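[1] Requesting a structural model of the entry that follows:
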Amino acid sequence: MTKLVHVETTEGIAIVTIDNPPMNVLSTQVVAELGDVFSEIANDPNVIVAILTGAGNRAFMAGADIKEFPSWLDMQAEDLKNMNMESHKVFNFIDNLAKPTIAVLNGITFGGGCELALTCDIRIAEEQIKIGLPEVKLGLFPGGGGTQRLPRLIGPSKAKELMFLGDPITADEALTLGLVNQVAANGEGMQAAIKMAEKMAGYSLQALSRIKKAVNQGFDTSFDAAIEIESGLFAEVFGTEDVKEGVQAFIEKRAPSFKHR
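    Numbers count the residues shown, from 1 in each chain. Next up, the predicted model:
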């Protein structure tokens, strides 16, 4: 079986590429391979930041593999839910990966592609892309976390509008909404992501992972509970070797050399 998800690692950065031509759709195989690749990244001490993109320049991911849908029509509701939850496990794993993640949207980012991009911490969109959740046009609705992650990112009212209408928006519109962090010129998204990732990779993973954990865990709780989470993580980080190195480097007026321990 031809692999559809590839990973290359260099200098603390893992670049994950979905290569399922022509439009990099989210098939069952792609979901499984994403789970395998990100599990490897999670366990690789040499990876500090992960970048996710699609092969070619037509699509980051054009959505789910609709050719698989007919076989779902006769499934029992419980079986269909269980299958869907398996995909959620992979998406949630990427979302909660204890390392920064950057999605490079280098083409059409529809449906499941948009939902996958939402699992990443940062999204960089090339200026030519279109992004959206068009499931309603098929009598469906987003089932890969879109109804939950998108409202948390851009607010429930605007998220409902995008999902109710199903129409794509441009990169600039997505930037205005806060759906993407940055817009890059056509063909320059990966360059922008690598530049960002290189800076992150120069910092301590001990700090980066706790920033992510504090934000993710604190977001859906009360402010007081979130401060408790932050305070506990702040206390933890002072027990790391990297904090000692960072403080000593500051005192000695030199650049720190973090070991991610």
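
[2] After the strand or helix carrying residue 87, heading C-terminal, what element do we hit next?
    Per DSSP states H and E, residue 87 falls inside helix 77-95. Using DSSP H and E, the helix or strand that follows helix 77-95 towards the C-terminus is strand 101-105.

[3] contacting residues around whichever helix or strand comes after that next one?
    Next along the chain after strand 101-105, taking DSSP H and E as the criterion, comes strand 108-110. Strand 108-110 is contacted from outside by 23, 58-63, 117, 125, 129-134, 168, using Cβ atoms under 8 Å, 6 or more residues apart in numbering. Where you see a C-beta, it was placed from the backbone N, CA and C, and this is true even at glycine.

[4] of all these, which two lie farthest apart?
    Within these, 58 and 133 form the most distant pair, 18.9 Å apart (Cβ to Cβ).

[5] Which of these two has more residues huddled nearby?
    Set residue 58 next to residue 133 and count neighbours by other Cβ atoms under 10 Å: residue 133 wins out with 30 against 14.

[6] Can you read off the pLDDT for that one?
    On pLDDT, residue 133 comes in at 98.

[7] tell me the SS of the most centrally placed residue in the chain?
    For the chain, the residue nearest the mean C-alpha position is residue 120 (1.6 Å; Cα atoms, centre = their mean). When classified by DSSP: H, G, I helix; E, B strand; the rest coil, residue 120 comes out as coil.

[8] any idea how far residue 134 is from it?
    Applying Cβ to Cβ, to the nearest Å, the value for residue 120 to residue 134 is 20 Å.

[9] Please identify the buried residues of stretch 77-95?
    Within stretch 77-95, the residues that qualify as buried are 87, 88, 90, 91, 94, 95, counting by 16 or more other Cβ atoms under 10 Å.

[10] what about it, distance to the chain center?
    Put simply, stretch 77-95 sits 16 Å off its chain's centre (Cα atoms, centre = their mean, to the nearest Å).

[11] What are the contacting residues of the helix holding residue 87?
    Residues outside helix 77-95 that contact it (Cβ under 8 Å, 6+ apart): 31-32, 34-35, 38-39, 42, 52, 72, 75, 101, 115-116, 119-120, 143-145, 149, 216.

[12] Which of the residues you listed fall within strands?
    Using DSSP state E, the members of the contacts of helix 77-95 that fall in strands are 52, 101.

[13] Please list only the buried members of the contacts of helix 77-95.
    31, 34-35, 38, 52, 101, 115-116, 119-120, 143-145, 149.
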